[in-house]
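J.: coords below, sequence missing:
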């Protein structure tokens, strides 16, 4: 069956999270994602996995279980040792988290004059896409 993975990166150092531990913050985010999307995924006969991580690289319980399952599948497919596959997965995930955190702080490299927002025409001509350039 197909699996839908919802990735969420949260900032555990945010002022609104001062009274919670990072583990509680990540568990809360996982629960919110499950409550929001699980039933619709099950209705489509698909698995749903939340991959919640902090900007510091701390991964939630479901994300760790997903990494473990992916490691086992890749290990059997590539015929490599568990430690090398685990190192590859963790390093790629760490780089992805660092890249996305950087994009959140810095913004996109694409100039705002080149960014287009797509929207549908409000009246008539259904199905035609209209592009607005900022």
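T.: Cool, the structure landed. It should be emphasised that the depicted structure is a prediction, and the values quoted were computed from it without experimental measurement.

J.: which element is residue 52 on?
T.: strand 47-54 (DSSP states H and E).

J.: what is the mean pLDDT for the helix or strand that comes right after that strand?
T.: Sequence-wise, the next helix or strand downstream of strand 47-54 (DSSP H and E) is helix 61-78. Averaged across helix 61-78, pLDDT comes to 91.

J.: and the helix ranked longest in the chain, what's buried?
T.: If each helix of the chain is counted by residues according to DSSP state H, the longest one is helix 82-106. By neighbour count on 16 or more other Cβ atoms under 10 Å, the buried set for helix 82-106 is 85-86, 89, 93, 97, 101. All C-beta spots, glycine's among them, are computed from the backbone N, C-alpha and C.

J.: got those as CSV, with distance to residue 64 columns?
T.: What follows is the buried residues of helix 82-106, written out as CSV (distance: Cβ to Cβ, whole Å):
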residue, distance to residue 64
85, 15
86, 11
89, 11
93, 11
97, 14
101, 19
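
J.: nearest to residue 15, of these?
T.: residue 101 (17.7 Å; Cβ to Cβ).
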